[in-house]
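Participant: Provided below for reference: sequence and predicted model.
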Amino acid sequence: MTDPETLKSLMTEGSLLPQEEMLAIGKKKGKLMIGIPKETTYQENRVALNPEAVQLLVSNGHRIVVETNAGIQSRYEDVDYSEAGAEIAYDKSEVFKANIILKVAPPTEEEIEMMPGNQTLLSALQLTTQPKETLVKLMNKKITAVAWDYIQDEHNIFTVVRAMGEIAGNTSILIASELLSNYNTGKGIMMGGVAGVRPTEVVILGAGTVGEYACRAALGLGASVKVFDNSLSKLRRLQNDIGQRVYTSVIQPKMLEKAIMRADVVIGAVRAGLGRTPCIVTEAMIEGMKPGSVIVDVSIDQGGCFETSKLTNHTQPTFVKHDVIHYCVPNVASRVSRTASIALSNIFSPMVLQMGDQGGCRDMIKKDPGFRSGVYVYQGKLTSEILGKVFDLPFKNIELLLAAL
């Protein structure tokens with residue numbers, strides 16, 4: 001029998017021998033199955049992921065199923081996606097069997113019918129076009145629905161909305177330039193100016209992201225720019241961000257009328273927090289504009305800020321009223337669908353990678369408050385107070401739902 005002193009000596013000697021290293025075991029990454037359907041909404045030409053983003057996700061172990069011709073309107077062929085590692089689905093229902101559905105436009109009722117349930121949907125919410133039946137079907141199928149237009153980054157910026165606003169602002173000036181220089185319907189003048197020629201006068205209504213980037217584009221072309229907004233802080237921020245003095249003013253009817261009367265181009269970039277955009281330019285003001293002038297109403301998706309505005313489309317984008325050319329196409333970013341698709345991919349691909357690293361969408365909702373801000377249906381329960389009140393549906397605070405799990 002071993003005495004206590006000998007046993008103690010053996011234990012001390014054993015503790016000094018080389019030991020096997022104990023490494024922390026990291027959480028197993030989630031392998032996601034993501035479906036990219038072809039957009040069916042009228043003149044929605046964007047796609048949620050481009051082939052380069054698909055290749056990045058596939059190389060990280062995720063499975064991507066893309067509906068045939070999903071990227072055709074952004075000039076991406078099926079072969080581009082298949083070479084990037086995606087599976088091409090010729091049956092639309094196969095795409096909607098994925099654990100995560102990534103779309104640009106909100107789903108239709110027919111698309112929701114194809115979903116087996118208990119899945120995650122990432123798409124735009126578009127409050128103004130969201131029917132009650134769509135929400136009810138999502139809830140009945142226990143879907144977790146995330147609106148990408150409400151997702152915030154670490155600086156509390158609505159990332160996708162800002163990116164699309166930057167595109168819309170730049171594109172609105174390019175559209176106005178094209179219409180202004182057209183010798184058949186426009187004034188036959190170039191945007192900006194040259195030595196000895198008066199520069200084009202551009203009036204921008206709204207100093208948000210769209211207004212800021214429209215201002216940058218117009219100044220870059222050499223135009224004289226005036227920006228109107230009811231928020232002095234927005235006007236101040238715009239001047240600071242642009243880095244040069246720009247004529248700015250709060251929206252006062254007499255000053256606005258004078259500016260519009262002299263303008264060659266007016267860009268409507270006013271946004272409403274909820275509901276319809278305020279109509280700040282009357283028909284009488286438009287009657288006083290110079291013949292051949294151009295109006296681009298980027299706010300048309302919220303009703304428009306010109307009294308004479310009416311919806312147009314990418315096929316027939318303009319109409320003339322009071323000798324003024326009106327461009328009132330909603331979703332301006334779809335006009336430059338490839339650029340917009342790349343911008344969306346640059347946002348969605350890191351988001352999906354992070355989702356996989358955190359074990360899935362539901363874990364990401366718990367850990368990332370910016371991503372959580374986009375959730376409007378969680379496992380079949382409505383979490384959006386706005387939608388609950390608009391459609392008279394019961395809703396629950398997502399923080400309380402997560403705390404109860």
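Facilitator: That came in fine, so what should we check first? Residues are numbered from 1 along each chain as shown.
Participant: how much space between Gly192 and Val202?
Facilitator: Gly192 sits 10 Å away from Val202, going by C-beta to C-beta, to the nearest Å. Every C-beta, even on glycine, is put in place using the N, C-alpha and C of the backbone.
Participant: who's more crowded, the two?
Facilitator: Neighbours were counted for Gly192 and for Val202 using other C-beta atoms under 10 Å; Val202 has more, 29 against 17.
Participant: Show me what counts as buried in the helix or strand harbouring Leu179.
Facilitator: Per DSSP states H and E, Leu179 falls inside helix 159-181. Going by neighbour count (16 or more other C-beta atoms under 10 Å), the buried part of helix 159-181 is 159-177, 179-180.
Participant: now stretch 108-121
Facilitator: Applying 16+ other C-beta under 10 Å to stretch 108-121 flags 111-112, 114-115, 119-121 as buried.
Participant: first to last residue in it, what's the distance?
Facilitator: End-to-end distance for stretch 108-121: 12 Å, by C-alpha to C-alpha, to the nearest Å.
Participant: Measure how far it is from the centre of its chain, please.
Facilitator: 21 Å (C-alpha atoms, centre = their mean, to the nearest Å).
Participant: got the contact list for it?
Facilitator: Identification of contacts with stretch 108-121 by C-beta atoms under 8 Å, 6 or more residues apart in numbering yields 37, 40-41, 92-93, 96-101, 103, 107, 131, 133-134, 137-138, 141-146, 361-362, 379.
Participant: Buried only: go through those for me.
Facilitator: Buried by 16+ other C-beta under 10 Å: 37, 41, 92, 96-101, 103, 107, 134, 137-138, 141, 143-146, 361-362, 379, out of the contacts of stretch 108-121.
Participant: still on that earlier bit, show me the contacts of stretch 108-121 that map onto helices.
Facilitator: Taking DSSP state H as the definition of helices, those contribute 92-93, 133-134, 137-138, 361-362.
Participant: which one of these is nearest Lys187?
Facilitator: Taking C-beta to C-beta as the measure, Lys187 lies nearest Thr134 of those, at 44.5 Å.
Participant: Could you find the closest non-adjacent residue to the closest one?
Facilitator: In this structure, Thr134 finds its nearest non-sequential neighbour in Glu109, 6.0 Å apart by C-beta to C-beta, 6 or more residues apart in numbering.
Participant: Next, the buried residues of stretch 125-135.
Facilitator: 125, 127, 130, 134-135.
Participant: And stretch 242-251, by the same measure?
Facilitator: Those would be 242, 246, 248, 251, for stretch 242-251 by 16+ other C-beta under 10 Å.
Participant: Tell me which entries of those lie within helices.
Facilitator: Short answer: the buried residues of stretch 242-251 in helices (DSSP H) are Ile242.
Participant: pLDDT added to the buried residues of stretch 242-251, as CSV?
Facilitator: As requested, the buried residues of stretch 242-251 are exported to CSV (pLDDT from 0 to 100):
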residue, pLDDT
Ile242, 91
Val246, 91
Thr248, 94
Ile251, 93
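Participant: and the helix holding Leu179, what does it pack onto?
Facilitator: Helix 159-181 sits against helix 209-220, strand 265-268, strand 294-297, strand 324-327, helix 337-357, with contacts defined as 3 or more C-beta pairs under 8 Å, 6 or more residues apart in numbering; DSSP states H and E.
Participant: Same list, the ones you listed, but as TSV with mean pLDDT and distance to Val65 please.
Facilitator: TSV is the format used below for those (pLDDT from 0 to 100; distance: least, C-beta to C-beta, whole Å):
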stretch	mean pLDDT	distance to Val65
helix 209-220	96	33
strand 265-268	97	40
strand 294-297	96	38
strand 324-327	96	37
helix 337-357	95	14
